[in-house]
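Q: take this sequence and fold it.
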Amino acid sequence: MAKDFAPRVSKRKRKTIDLTEGLDSKVVERLSGDRLLQGAKLDEVFLKEIVVKEQVRTKFNDGSLKELSENIKQNGLIQPLVLHKDKLGRLVLICGERRYRAMTLINKEKCPCFILDKKSEQELMAIQFSENSSREALHYIDKADGILNYQKATKASERKIQAALGISKSEVHRSLMIAKMGKKIKEAAKAFNIEKYVLLELDALEKGALKTKLTKMLYKGELTKRAELKKAIKDGGVLKAGKVKKAPKVPKGLTANAFIKTLKSQAKTKKLDKETQALLNQLLKETQNIVDM
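A: Okay, the predicted model is just below:
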């Protein structure tokens, strides 16, 4: 059976599709100038051709997705998705899963996308992390997991992660600590919007009945703020900051001379500045004179 083809159209009469129409020009300019996205090609892609793998972001709000889908329906897509053409020729979603999901809700067929090619796994993870972390809606748990995944994939040190992802070394360190916490505590952090410092300070507590009790409270969403944790610690018992050295006991019946001798011995072991040491020696000398009277 013969196929029907559309009539041939001369080059002069052909319509040119502007993919940047409707897009935020500042966003497109920023993404085009991003060193991680250099060499990307802007093209229109059918959503059904996009392969979606596990992304950095794992928490999606159904209400906000519906709002976003309505916004896209009315105003079009403002920021393109970022895809990568893998070795099998598949177009894998790197950035923009929330936008992708929103477009599927309104049965949108295709959209503008930046298509990357021949990027390493490390480069793709850096792009994904950079794009997602620039959004305030990204939960700190997802951000932490993204940093840990990057470290596992690249075997990079904290300093190298800092340079690659453009975040402070202290933030890298804290994020790695959070990412290595148990699944249950991270799920509770997302479900109840628990402040990240609650997790860090609870993790720093010594193992014992108090920590077990506070952890159970956290699982139930009863500890979401740092101030709440501090109050719970105060009410539940005194938090030990470290091993406390017990003061030496003075034996019963110790003579005055023996007591002064003990003080002199203790003073020698202390790291005191010269002025303080001189005052202490003078005090001991005067005390000795009184005892000798």
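Q: burial count for Thr224?
A: As a burial measure, Thr224 scores 17 neighbours (other CB atoms under 10 Å). Every C-beta, even on glycine, is put in place using the N, C-alpha and C of the backbone.
Q: mind listing what it touches?
A: Thr224 is in contact with 192-195, 198, counting by CB atoms under 8 Å, 6 or more residues apart in numbering.
Q: which of those count as buried?
A: The neighbour-count test (16 or more other CB atoms under 10 Å) marks 194-195, 198 as buried among these.
Q: from those residues, which ones fall inside helices?
A: Among those, the members found in helices (DSSP state H) are Val198.
Q: quick check: Met125 is in a helix.
A: Yes - counting by DSSP: H, G, I helix; E, B strand; the rest coil, Met125 is part of a helix.
Q: correct me, but it touches Ala153?
A: Yes - if you go by CB atoms under 8 Å, Met125 and Ala153 touch, sitting 6.0 Å apart.
Q: between these two, which one's more packed in?
A: When Met125 and Ala153 are compared for neighbours, Met125 comes out ahead with 23 against 13, by other CB under 10 Å.
Q: next, give phi and psi for the residue nearest to that one when sequence neighbours are not counted.
A: Among residues not flanking Met125 along the chain, Tyr150 sits closest, at 4.9 Å (CB to CB, 6 or more residues apart in numbering). Tyr150 has phi and psi values of phi -70, psi -40 when expressed as degrees, to the nearest 10.
Q: ok, Tyr150 touching Ala163?
A: No - counting by CB under 8 Å, Tyr150 does not reach Ala163; the two are 12.0 Å apart.
Q: just the buried residues of the lengthiest strand in the chain, please?
A: Of all the segments of type strand in the chain, defined by DSSP state E, the longest one is strand 110-117. For strand 110-117, a neighbour-count test (16+ other CB under 10 Å) marks 111-116 as buried.
Q: turn the residues you listed into a markdown table, including distance to Ile167 and pLDDT.
A: Output for the buried residues of strand 110-117, formatted as a markdown table (distance: CB to CB, whole Å; pLDDT from 0 to 100):
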| residue | distance to Ile167 | pLDDT |
| --- | --- | --- |
| Cys111 | 30 | 92 |
| Pro112 | 29 | 91 |
| Cys113 | 27 | 92 |
| Phe114 | 23 | 90 |
| Ile115 | 27 | 92 |
| Leu116 | 22 | 91 |
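Q: who has more neighbours, Tyr150 and Ala163?
A: Taking other CB under 10 Å, Tyr150 and Ala163 do not tie; Tyr150 has more neighbours (22 against 12).
Q: and the strands in the stretch 151-293 of the chain?
A: Here the stretch 151-293 of the chain has no strands by DSSP state E, counting those that start in this stretch.
Q: so where do the helices sit in it?
A: For the stretch 151-293 of the chain, the helices defined by DSSP state H, counting those that start in this stretch cover 158-165, 169-179, 183-191, 196-204, 209-219, 226-236, 256-269, 274-292.
Q: reformat the ones you listed as TSV; add distance to His139 and mean pLDDT.
A: Putting these into TSV (distance: least, CB to CB, whole Å; pLDDT from 0 to 100) gives the following:
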stretch	distance to His139	mean pLDDT
helix 158-165	17	85
helix 169-179	11	94
helix 183-191	6	94
helix 196-204	10	95
helix 209-219	16	93
helix 226-236	17	89
helix 256-269	51	66
helix 274-292	51	68
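Q: need those helices in CSV with distance to Glu131, can you?
A: Below are the helices of the stretch 151-293 of the chain laid out as CSV (distance: least, CB to CB, whole Å):
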stretch, distance to Glu131
helix 158-165, 11
helix 169-179, 17
helix 183-191, 20
helix 196-204, 21
helix 209-219, 31
helix 226-236, 29
helix 256-269, 58
helix 274-292, 57
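Q: neighbours of Arg226, just the number please.
A: Arg226 has 15 nearby residues by other CB under 10 Å.
Q: doesn't Val198 make contact with it?
A: Yes - using CB under 8 Å, Arg226 makes contact with Val198 at a distance of 5.7 Å.
Q: re the thing from before, and which of the contacts of Thr224 is nearest Gly76?
A: Asn193 (31.9 Å; CB to CB).
Q: in space, what's closest to that closest one - neighbours in sequence excluded?
A: Per CB to CB, 6+ apart, closest to Asn193 is Thr224, 6.4 Å.
Q: roughly how far does that neighbour sit from Leu199?
A: Relative to Leu199, Thr224 is positioned 11 Å away (criterion: CB to CB, to the nearest Å).
Q: how about Phe46?
A: Taken as CB to CB, the span from Phe46 to Leu199 is 42 Å.
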